[in-house]
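Visitor: here's my sequence, what's the structure:
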Amino acid sequence: MKFTTTLLLGLTLAFMVGCGNTAEGMKEDSQINGQKAAESSQKGAEATKDAAKDVQAATLLTPKIKMAISAETLLNDSKNLINVDSTEEKVTLEGHVTSMELKDLAGKIAAKVLADNSAKQPLENKLEIKP
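Guide: Numbers count the residues shown, from 1 in each chain. Model (predicted):
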């Protein structure tokens, strides 16, 4: 009987210690998982912020540049096709115009809109010449 009681007491203590270790382990796991979740959340927020900047650049600058280019009668010709793409990194003019002078004019107009709006993006003029 004494052996059984001692054995039972020993097993109970071992179980309690094991439960304590398990509880500590769960607590540590919970802290680690919380840190990982916070890091993932921060990365997601940064990605969203970057995407929002690109959307803002596209929604604000692109229409202003297109409108300014369209207002110029020399560029507003069916022979010219000028597309504007704006991101946080750069503003790009693509398409074609009928002369080098018109390519330069479109670039100057776009650069003026960027300056007037205190935009920091560089302008990349990829317009092709198609007479």
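
Visitor: please, which helix or strand holds K66?
Guide: helix 2-71 (DSSP states H and E).

Visitor: and the next element down the chain from that helix?
Guide: With DSSP H and E, the next secondary element past helix 2-71 is strand 81-86.

Visitor: tell me the strands beside the helix or strand following that following strand, with direction?
Guide: Sequence order places strand 91-97 as the next helix or strand after strand 81-86, per DSSP H and E. Strand 91-97 sits in its sheet next to strand 81-86 (antiparallel), strand 123-125 (parallel), strand 128-129 (parallel), going by DSSP bridges.

Visitor: just the ones you listed: most buried one?
Guide: Comparing those by mean neighbour count (mean count of other C-beta atoms under 10 Å), strand 81-86 ranks first with a mean of 19. Every C-beta, even on glycine, is put in place using the N, C-alpha and C of the backbone.

Visitor: so for that one, mean pLDDT?
Guide: Averaged over strand 81-86, pLDDT sits at 95.

Visitor: who are the contact partners of V91?
Guide: A57, L61, I65, V84, D85, A110, L114, A119, Q121, P122, L123, E124 (C-beta atoms under 8 Å, 6 or more residues apart in numbering).

Visitor: what's near enough to touch the last one?
Guide: By C-beta under 8 Å, 6+ apart, the contact list for E124 reads K90, V91, T92, L93.
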